[in-house]
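sequence? don't have it. structure:
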């Protein structure tokens, strides 16, 4: 029990597994697997290599379609840094290999470069939806860990998301592209010089996918919501106004109250001159708790530091006029990623706010839990990481356990982002 306890209970985190494999000519000249080894590694000297059981899947093209299917799979028990996969020797050479089929192993699956290159072309053709989702997740983790360039991952999404037929899976894939200052996303990991072209392409691409989505389908709803989160141009603001005014229609799409709020929020986030009036009019058309929260969120997301500071001051007030639910709604949309420059001006105020809310104890806990992560200006910049480090060292003892953990997670996210930006893999194709 002692060794097992040290290995699995007293040591946190996941080890990484990857398959190294080579093919060569076999009987009759056909390409077969000549060697295959499962590699296990730990990124921490404090984390030992562990004993696991996994399944390795060999993917190949289906005989009757262009789908990639599981041609064979092998169960394997492993413990060392290298474990031969003897049962795979002599099998037909696969198109790609996945080292944790079925997600039964407590380890992070890392795709080898050969499999990655094939999946860059064929990921949307992977027939098994669970395996497809696991591959997306593995690629995402490789980006977060600095093993895959954000621009390369973005091209994967641009190439394959439009082929996704499951609405929930499509939402998950699209969520990788957009995020706030404190939320990990592809855009957050891009170089500053890549951001503008990326956002422009994101808008054009998502608008095109919305136009081609089947009228009245759930996929159409997913694309509409994403467009309202991604669009930021003058033409998209005109598009939103025309929809709200009934001058434009989208076939099969019911512009209900929820979708009208999404359009109003687009106008506010992109700095439209009519945004404040649109928020007021939509709030009047949607009286009650929902309208109050939606209006707060739409107001706070505007690229106006004075408006944001007014909301933050209300959050920090001892007796704010708005309800906790309304304040939390305002906080959740406070820092969209394209407003990094505004967020950078609020780093010191944010940290002072943490101290202020923490000092009030239980009475402020409900708002504090949201403020801690949603108002966090966790910019991917070394100076911000240093600032967070210093604050935790000086003031961390006075924070609640959950608040301190949230701030530490934010700091870890910044550090991973900085690592990812410095360990880029060259693109085979240009971003634009």
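All right, it came through fine. Fair warning: this is a prediction, and the values are worked out from it, not measured in the lab.

State the distance from the most centrally placed residue in the chain to residue 396.
Taking Cα atoms, centre = their mean as the criterion, residue 176 is the residue nearest the geometric centre of the chain, at 3.4 Å. According to Cβ to Cβ, to the nearest Å, residue 176 stands 31 Å off from residue 396. Where you see a C-beta, it was placed from the backbone N, CA and C, and this is true even at glycine.

same deal with residue 310?
Taken as Cβ to Cβ, the span from residue 310 to residue 396 is 29 Å.

for residue 148, same thing?
Counting by Cβ to Cβ - residue 148 and residue 396 are separated by 32 Å.

more neighbours, those two?
Set side by side, residue 148 and residue 396 show more neighbours around residue 148, with 24 against 14, by other Cβ atoms under 10 Å.

Read off the pLDDT value for the more buried one.
pLDDT, residue 148: 91.

hang on, it is in a strand, isn't it?
No: judged by DSSP: H, G, I helix; E, B strand; the rest coil, residue 148 forms no part of a strand; its state is coil.

how about it, phi and psi?
Dihedral angles of residue 148 (phi, psi; degrees, to the nearest 10) stand at phi -140, psi 130.

Look up the closest residue to it, ignoring the ones flanking it.
Closest residue in space to residue 148, ignoring its immediate chain neighbours: residue 142 at 4.0 Å, by Cβ to Cβ, 6 or more residues apart in numbering.

How about residue 123, nearest residue that isn't a chain neighbour?
Once flanking residues are discounted, residue 123 sits nearest to residue 160: 4.8 Å by Cβ to Cβ, 6+ apart.

let me redo that: residue 191
residue 421 (6.4 Å).

neighbours around the residue nearest to the residue nearest to the centre of the chain when sequence neighbours are not counted, how many?
Spatial nearest neighbour of residue 176, excluding adjacent residues (Cβ to Cβ, 6+ apart): residue 186 at 5.5 Å. Other residues near residue 186 number 26, with proximity taken as other Cβ under 10 Å.

Tell me the spacing between residue 186 and residue 202.
Distance from residue 186 to residue 202, counting by Cβ to Cβ: 9 Å.

what residues are shared contacts of the two?
Residues within reach of residue 186 and of residue 202 at once, by Cβ atoms under 8 Å, 6 or more residues apart in numbering, are residue 177.

quick one on the thing from earlier: so which elements touch whichever strand or helix holds the residue nearest to residue 191?
Per DSSP states H and E, residue 421 falls inside helix 401-422. Of the remaining helices and strands, those touching helix 401-422 by 3 or more Cβ pairs under 8 Å, 6 or more residues apart in numbering; DSSP states H and E are helix 129-144, helix 186-189, helix 347-359, helix 365-374, helix 382-395.
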